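1. Build me a structure from this.
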Amino acid sequence: MLKTRRSEDRGHIDHGWLNARHSFSFGGYHDPAHMGFRVLRVINEDIVAPGQGFGTHPHRDMEILTYVIEGALEHRDNMGNGSVIRPGDVQWMSAGTGVTHSEFNPSPTEPTHLLQIWILPDRPGRTPDYAEKHFSRAERTGILRLVASGDGADGSLRWGQDVRLYASILAEGQSVSLDLGPDRHAWIQMVAGEIEVGGVTLGPGDAVAISEETGLEITSGQESEFLVFDLP
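-> The predicted structure follows:
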């Protein structure tokens, strides 16, 4: 069973410094029909204006991952972490018992384009943690590259939930496949280009929720970039 979530149907908030599309209810956007999918709670596609960003604010009991598409993002937190991440970098923070952090676009001229992802943890009260890792374009091209997982397999970031997150870049006509185990589900989030899965064509910003399927075959209609979540 496949259920599409078209880009234009997402929540949209434009604060001037932040232009955001919300796949699920978030902040001032509320839609009872779109509160999340399985343990996937937030996918925000954000464009942050030059020199702007999110001031210091708290989180708790959430696994938070940032995937940079274009530009750069400067991170600071109360655990002492500070870095600038760029395309190919995947940043993970386990809010656990509580963290405070800020995220800013350090460029005076170029916007930052990113996906922010929140996953419900497998249990509350985890010890806050942070990590980041670079996955080159070559590493993500022509395959489903595991970038985050519950066990840290294949050099992926290890987060506090049984979710396997893959990143992929496909040339026109390339295909990849993913086997889904019993009682597993999937969410595909498009970044760029066009793919076909299960007879459904997806373009930039589109997504599809998948249940009651044993596997996926994804074919690119043009050069494409996307994320695949394998969910309990």
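2. can I assume F226 is in contact with A186?
-> No. Using CB atoms under 8 Å, F226 makes no contact with A186, being 11.6 Å away. The way it works is simple: take the backbone N, C-alpha and C, and place the C-beta from them, glycine included.
3. Look at those two and report which has more neighbours.
-> Using other CB atoms under 10 Å as the criterion, F226 and A186 rank with F226 on top: 26 against 23.
4. For that one, which non-adjacent residue is closest in space?
-> Distance criterion CB to CB, 6 or more residues apart in numbering; nearest residue to F226, sequence neighbours excluded, is M190 at 4.9 Å.
5. Name all residues that make contact with L144.
-> Y166, A167, S168, V176, L178, V228 (CB atoms under 8 Å, 6 or more residues apart in numbering).
6. Could you point out the helix or strand that follows the helix or strand hosting the fifth one?
-> By that I understand L178. Using DSSP states H and E, L178 maps to strand 175-179. Following strand 175-179 in sequence order, the next helix or strand is strand 185-197 (DSSP H and E).
7. Tabulate the contacts of L144 (CSV), appending neighbour count.
-> CSV is the format used below for the contacts of L144 (neighbours: other CB atoms under 10 Å):
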residue, neighbour count
Y166, 22
A167, 22
S168, 24
V176, 19
L178, 20
V228, 23
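8. quick one on the thing from earlier: test my guess that the residue nearest to F226 contacts G203.
-> Yes. M190 is within contact range of G203, at 6.4 Å (criterion: CB under 8 Å).
9. The longest strand belonging to the chain: which residues count as buried?
-> Of all the segments of type strand in the chain, defined by DSSP state E, the longest one is strand 215-231. Going by neighbour count (16 or more other CB atoms under 10 Å), the buried part of strand 215-231 is L216, I218, T219, S220, S224, E225, F226, L227, V228, F229, D230, L231.
10. T112 and H22, how far apart?
-> 17 Å (CB to CB, to the nearest Å).
11. what do you get for Q91?
-> To H22, Q91 is 20 Å away according to CB to CB.
12. swap in F226?
-> According to CB to CB, F226 and H22 sit 18 Å apart.
13. Which residues are in contact with each of M190 and G203?
-> Residues within reach of M190 and of G203 at once, by CB under 8 Å, 6+ apart, are S7.
14. Comparing those two, which residue is more hemmed in?
-> Counting neighbours by other CB under 10 Å for M190 and for G203 shows that M190 has the greater number, 21 against 15.
15. mind listing what the more buried one touches?
-> Shown in contact with M190 (CB under 8 Å, 6+ apart): S7, L202, G203, P204, G205, D206, A207, S224, E225, F226.
16. Just the ones in strands from the residues you listed, please.
-> The members of the contacts of M190 that map onto strands under DSSP E are L202, A207, S224, E225, F226.
17. Redo those as JSON lines? Include pLDDT.
-> Listed next are these as JSON lines, based on pLDDT from 0 to 100:
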{"residue": "L202", "pLDDT": "98"}
{"residue": "A207", "pLDDT": "98"}
{"residue": "S224", "pLDDT": "97"}
{"residue": "E225", "pLDDT": "98"}
{"residue": "F226", "pLDDT": "98"}
